[in-house]
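# Need a 3D model of the following:
(chains A and B)
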Amino acid sequence: MIKHISSLLGAGALALGASLGSARAADTVKVGVLHSLSGTMAISETSLRDILLFTFDEINAKGGVLGKKIEPVVVDGASNWPLFAEKAKQLLEQDKVAVTFGCWTSVSRKSVLPVYEKNNGLLFYPVQYEGEEESQNVAYTAEAVNQQATPAVDYYLAEGKKKFYLLGSDYVYPQTTNLVLLEYLLSKGVKLENIGGGFRRDGAGKIISAGKYTPFGHTDYQQIVAEIKQFAASGDACVISTLNGDTNVPFFKEYAASGLTAETCPVVSFSISEDEFRGLPAKQLVGQLGCWTYFQSIDTPANKKFVADFQAWLKKTTVPGIVKEGRVTCSPMVLSYVGVYLWKAAVEKAGSFDVDKVRAAWKSGLSFNGPGGKVTTQPNMHLTKNVFIGETKADGQFKIVKTFNNVYGEPWLKGKFK
Amino acid sequence: MLPAFMPPDPMMNFLARCLRPLACLAVIAGALAAPAEPARQILVRAALSDDAAQQRELITSLTGRADAALVALLEAWRTDALFRYAPAEGTALVVQLTGPKDDEGRQAAVRIDTGAALVDAAGQPLKLAAGDLKAVEHTTSLRRAMKAVADLADLADPDPARRFKAVQTIGQAQDAAKLAPLQARLEVETDAGVRRVLREAIALVQLKDPQDATRIAALGTLKELHTLASTDFIKRALKEAEEARNQPVLTAAREALRAVENHRSFVDFFGTLFRGVSLGSILLVAALGLAITFGLMRVINMAHGEMIAVGAYTTYLVQNVFGTGITLPFFGLSLGLPGLDLTGGAYQTYFLFALPCSFLAAALVGIGLERSVIRFLYRRPLESLLATWGVSLVLQQAFRLMFGANNVQVSSPVYLSGNWTVNDIIFGWNRVFVVGFAILIVFGMWLVLTKTPLGLLIRASMQNRTMASCMGVRTERVNMLTFGLGSGLAGLAGAFLSQIGNVGPSLGQGYIIDSFMVVVVGGVGSIGGTILSAFGIGGIDQVLQQYLPVVAPGLGWVPGIGGFLQNLAQDAAVFGKILVLAGIILFLQWRPAGLFVTRSRSLED
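Predicted structure coming up:
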């Protein structure tokens, strides 16, 4: 609660100004920020809170949205999924926010979804996810599976890889992604025996789960790495990893110690971005691949300006609890950033903050030139964007090795690849 | 396929970095390449061509003609260090940049076709900046063609490791054209390891031979070598023979596959054994401190995990002091630790210094904890549980305040990050080290407890505190030292665990349960029991992880849960652990006091 209050206060003069006088309320529009600022997800999600506050300041400095300044209402989901739903309810029913930017884990999104649908709210969701969902009350700025996982497979296939080992943390995103990948690999002519990690079949023999899974916080990867080593012994093998968070450290330490390298058997990780390298030893991952719709190393004037502006904002911000040193930008942060601008564009096109009108504007196809290049909204509430594949460097940045331009976001992939 | 996106600026920075080492290569290239002039011309022609297929053809035509200089050029191409230079008049050239940069970032350029310095119309040397030039592009298929050429040249490399890799790649490509160079190399090769992989590579190439006799002979060789790398190729040959109903080849392939599978089960068995011992050692190292504080002293020390974390963070600090130094926020103040700025070998020794430091740091924290909290609670185990749990929360928050909520990075020194592979069984050096280290501290502890006066006093006080105190033993002091020793051992464990997993504020939480489990199963108060139970739990866990996937598919017949059991393979890591825990619960039903029951006449119990 204290954290909640402090972050509310922390939202700065804007929030304070608004709570002081209702006279100025007409000049502002309330916008919800719903992320975990405490608990296990806080490490990742506070970065999104920071980038959102930065974006609001940037927009407000240029006159706001439809002449109104953005007034952020920051609430803490506390890595507690039922609490996310309660906070969402509070944002929609008490604060009456025009839009919410928030959620990281799929379970938190699933938890708030009924609240947004019941109240006809609008949630912007910025983190790569498993698809199989298309709510009219969510704007998915996130990477869909075909904007991250399948391009990575395409890259591997072009590199001449023939064997694919699937490994992930045991929860909904890796499970669903790996099932889609299994179908995709089979459709590309990869044989079932060349897909490693194991399968689970139902009574009828149909595969209902593919890949090897470990729980959060797993530390002993000896056996799995030994299995990968044997799997890769005949060459042309690679690993597709959806391991989450700090389990990557013991995995990659074991991987390096067993003599496997990016040259002999590369690993592409879908959950490691620049921000994660603040807590991961990048040296052990050099040459391993990442696949996102944005990398900080993208060399365009727009991105350079974005990175510099964010760093400058970090220096002067007075919001308590914001880490100022060693900050980087990463894909979920940039997708939060472009989300705000796309919302602004939709509101301006609709000429109103009304959710139905804003949604209609979104569906008409709006474009924004963000740090990762042009993004365009789609009728299915997702985004068309560029996909980049990068090799990890020792400084925790990525060297871009491949770009796929304007990839259409497609949430419904199960059963699509035959 | 979409064209590769090449952002100009980071690419150029990258190039500039690549160029420094390449500059000297280019000089060597220039000196050596004179006789191989035509090969260079071909390379230049390929570099200037716009047709991907033609490029590939030209590069492939270099097969067998590549020398060290050409390999260096191909490497330069692959790393974006070859540039296309189009002079105002005349045809485009391919150049490489060498030498130091001037103020404007320009360097001397060398023409690849002649190996001579690039000159302008007046004959003056021309200087170019990498940023103004376009690197010669390359595609994946072209890179692969280049690698094939380079691999063949690597066959004669003086470094056996490079030869080994090259031979392996050539063999796995199964290209009949490469047979002759491989056989020629086998004639002169002296290194046993490379000879072995050469024979394997030749056999793999011969698997594609149209002659049955050659294929059967190749399968015979593969059977004799029984390498894991040949598995997929033998399987493929087996399938082809099956489809062609070629009985003799089929038999040979089956035999070869059986030999490989036998070898695999051998590797799996000993690999599992080693992994079990290594996991057991980790459990042992983590639990040993608790075996003293909880086992001997009967303090339910919930802060044991945080003692491990103290050790791990101390390792992190020592690493930084050996490096560039570190500044820590220290309760409002800023605590700056200057760095020694060591590099190379000297820096790598940080871990050896970190070991005693983490022992001392954790021992000091432990002694502080004993003096301030635990000594008031020796006869009240439940209160000690609550108090130490509180202390553990306080310590975790202290870590967060000092080191941040994120995990910190502890890099492994080089001597702990390699491996030693015998007969395809991997012995990671970090794992070998933890096993040796566990043996060492167990031995050290045995020495301390049984051969020193302190050990005698510890044992006396722990067996019967009141009697010992009547005999003139200063039990207060002994308690303090014992608790310090136990905490110190936990600190050592932390130093070690930093090499294997994460270092973060909640590091200790991950190990506290395991530690209690080991001590309780072993029998509270028995060090020998702790050792046995650590290795037992580690071994069983690894055996289950390894063999559950093998056994599981055959369990479909079990009524009711057969379908569930069949699918265990995928989550072997989780189910292995669950089964171990269930086994421990049953075991404790049968022997509540653990493996070794310590009986004493003490009235305290």
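
# Phi and psi next, for A:Gly372.
Note on A:Gly372: its backbone torsions stand at phi -100, psi 20 [degrees, to the nearest 10].

# Check chain B and tell me which residue is nearest its centre.
B:Ser417 (5.6 Å; Cα atoms, centre = their mean).

# I figured it hits B:Val432, correct?
No - look at B:Ser417 against B:Val432 with Cβ atoms under 8 Å: they stay out of range, at 12.0 Å. No exception for glycine: its C-beta is placed from N, CA and C like everyone else's.

# hang on, the earlier thing: so who does the residue nearest to the centre of chain B touch?
Taking Cβ atoms under 8 Å, 6 or more residues apart in numbering or on different chains, we find B:Ser417 in contact with A:Lys253, A:Ala256, A:Ala257, B:Trp429, B:Asn430.

# Whichever residue of the stretch 1-150 of chain A sits closest to chain B: how many residues sit nearby?
Using Cβ to the nearest Cβ, the closest approach of the stretch 1-150 of chain A to chain B is made by A:Ile43 at 5.8 Å. Other residues within reach of A:Ile43, judged by other Cβ atoms under 10 Å in any protein chain shown, total 21.

# do the one 5 residues further on as well
Other residues within reach of A:Leu48, judged by other Cβ under 10 Å, total 27.

# Go ahead and confirm it touches A:Cys330.
No - A:Leu48 lies out of contact with A:Cys330 (Cβ under 8 Å); the separation is 9.7 Å.

# Return the backbone torsion pair for B:Leu335.
phi -110, psi 110.

# ok, now which ones touch it?
For B:Leu335, the residues meeting the contact criterion (Cβ under 8 Å, 6+ apart) are B:Thr327, B:Leu328, B:Pro329.

# For the residue of the stretch 101-250 of chain B found nearest chain A, what is the enclosing helix or strand?
Using Cβ to the nearest Cβ, B:Asp232 is the residue of the stretch 101-250 of chain B that sits closest to chain A, at 3.7 Å. In this assignment (DSSP states H and E), B:Asp232 forms part of helix B:231-244.

# what comes up buried for that helix?
Residues B:Thr231, B:Asp232, B:Phe233, B:Ile234, B:Lys235, B:Ala237, B:Leu238, B:Glu240, B:Ala241 are the ones in helix B:231-244 that count as buried (16 or more other Cβ atoms under 10 Å in any protein chain shown).

# for stretch A:300-318, same thing?
A:Thr300, A:Asn303, A:Phe306, A:Val307, A:Phe310, A:Trp313, A:Leu314, A:Thr317.

# how far is it from where the chain is centred?
Its chain's C-alpha centre and that of stretch A:300-318 lie 20 Å apart, by Cα atoms, centre = their mean, to the nearest Å.

# ok, residue 294 - contacts?
Here I'm looking at chain A. Counting by Cβ under 8 Å, 6+ apart, A:Tyr294 has contacts A:Thr329, A:Cys330, A:Ser331, A:Val334, A:Leu335, A:Gly370, A:Pro371, A:Gly372, A:Phe388.

# sorry, should have said chain B
With Cβ under 8 Å, 6+ apart as the criterion, the residues that contact B:Phe294 are B:Ile300, B:Asn301, B:His304, B:Phe516, B:Val519, B:Val524.

# now that we have the residues you listed, which one has the most neighbours?
Highest neighbour count within those, by other Cβ under 10 Å: B:Asn301, with 33 neighbours.

# List phi and psi for that residue.
phi -90, psi 90.

# and the nearest residue to it once chain neighbours are set aside, how many neighbours?
If you skip the residues right next to it in sequence, B:Asn301 has B:Thr293 as its closest partner in space, 4.5 Å away by Cβ to Cβ, 6 or more residues apart in numbering or on different chains. Here the neighbour count serves as a burial measure; for B:Thr293 (other Cβ under 10 Å) it reads 29.

# Confirm that B:Thr293 lies within a strand, as I assumed.
No - according to DSSP: H, G, I helix; E, B strand; the rest coil, the state of B:Thr293 is helix, so it is not within a strand.

# Alongside chain A, which residues does the stretch 351-500 of chain B contribute?
Applying Cβ under 8 Å from any Cβ of the partner chain, we find that the stretch 351-500 of chain B lies next to chain A at B:404-412, B:417-419, B:421, B:426, B:428-431, B:499-500.

# Regarding B:Leu337, what is its secondary structure?
Using three-state DSSP, the secondary structure recorded for B:Leu337 is strand.

# so what's it bridging to?
When bridges are assigned using DSSP bridges, the partners listed for B:Leu337 are B:Ile326.

# That one reaches B:Leu328, doesn't it?
Yes - at 7.3 Å, B:Leu337 and B:Leu328 qualify as touching, with contact defined as Cβ under 8 Å.

# what about the two, which has more around it?
Looking at B:Leu337 and B:Leu328 with other Cβ under 10 Å, you find the greater number of neighbours at B:Leu328, namely 16 against 12.

# ok, back up a step: now restrict the residues of the stretch 351-500 of chain B next to chain A to buried residues only.
Buried members of those, scored by 16+ other Cβ under 10 Å, are B:404-412, B:417-419, B:426, B:428-431, B:499-500.
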